[in-house]
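1. Turn this into a model:
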Amino acid sequence: MDLSNLSSGELRKLQEQLQQELKKRESQDLARAREEILAIAKSVGVSVQDLVGGAAPRVKTGKVAPQYRNPADTSQEWTGRGRQPKWVKDWVDAGNDVAALKL
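-> Take a look at the predicted model:
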């Protein structure tokens, strides 16, 4: 197929058609592969759960202890993870070192 004779609009339309066809083919290939896998598993007497194996249980992580405390209000603490709270940002913007807040 000679694409050099096509206009930009025709090329875009062709590109959209190609993307739609690719999505369609990928879903067909996936369905066909799934059917083949299930047929093989059934022929040897293996269940789908044995093939997939259940999802591993999630391990819940513990709460992280605070690493920094606001000297002006000791109820405000920060673990040092994530975005700095406003009071830490204000402290640093005032020219202080965040290490001074460390517990």
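2. pretty sure Leu101 is touching Asn70, no?
-> Yes - counting by CB atoms under 8 Å, Asn70 is a contact partner of Leu101 at 7.1 Å. From N, CA and C alone the C-beta is placed, and that goes for glycine too.
3. Spell out which residues are contacts of both of the two.
-> Common contact partners of Leu101 and Asn70 (CB atoms under 8 Å, 6 or more residues apart in numbering): 88, 91.
4. Those two: which has the busier surroundings?
-> Using other CB atoms under 10 Å, the more surrounded residue of Leu101 and Asn70 is Leu101, with 20 against 16.
5. How far does the helix-or-strand element of the chain with minimal mean pLDDT sit from its chain's centre?
-> Using mean pLDDT, DSSP states H and E, the weakest-scoring helix or strand in the chain turns out to be helix 48-52, at a mean of 77. Between the mean C-alpha location of helix 48-52 and the chain-wide mean there is a distance of 25 Å, by CA atoms, centre = their mean, to the nearest Å.
6. Same question for stretch 3-15.
-> Distance, stretch centre to chain centre, for stretch 3-15: 35 Å (CA atoms, centre = their mean).
7. need the helices for the chain, in chain order.
-> Counting by DSSP state H, the chain has these helices, from start to end: 8-43, 48-52, 86-93.
8. Asn70 against Gln84, yeah?
-> No - using CB under 8 Å, Asn70 is not in contact with Gln84; the gap is 11.7 Å.
9. which non-adjacent residue is nearest Ala41?
-> Leu51 (5.6 Å; CB to CB, 6 or more residues apart in numbering).
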